[in-house]
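Q: Make a model of this:
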Amino acid sequence: MTAIASICLFDNDVRNEATGHHGLLPYVTVCFEHPYVGVRYGASLCARSFSRSVGVLRTSLFDSGMGTLVSAVVQDEREDDRVINIALGALSNLLLNFSPMRGVRFDPILVQNKGTND
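A: The predicted structure follows:
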């Protein structure tokens, strides 16, 4: 998952191939529920990479419910902080002004502080 996210991070054509032609999005969504934190971390990285593309957002991510999955990761208090950090990056991409997911309702808990180490 981490390798896929790294490859897709900076090239829009690669993102479109990964989500469209190769159909990796269903595999990423399943990985959000995996028991190993490393797999969930990789899924969050993929969500962040895929959400950088407006074209992918308008088609694949919106239909797959990726925003809901990423939101659930951020809200889960038992989730590893590293996974939450990357999921917040994906959520930021999903909520940008030009995003079709901007109108999707996310719970107000996302605005609250997730806590500090103080």
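
Q: what's downstream of the helix or strand of the chain with the lowest mean pLDDT, the next helix or strand?
A: Comparing helices and strands within the chain by mean pLDDT, DSSP states H and E singles out helix 54-56 as the least confident, with a mean of 68. Past helix 54-56, further along toward the C-terminus, the next helix or strand under DSSP states H and E is helix 62-64.

Q: Next SSE downstream of that next one?
A: helix 66-75.

Q: For that following helix, buried residues please.
A: Neighbour counts over helix 66-75 (16 or more other Cβ atoms under 10 Å) mark 66, 67, 69, 70, 71, 73, 74, 75 as buried. In short, each C-beta sits where N, CA and C put it, glycine included.

Q: wouldn't the fifth one be in contact with residue 91 here?
A: Yes: with contact defined as Cβ atoms under 8 Å, residue 71 counts as touching residue 91 (6.7 Å).
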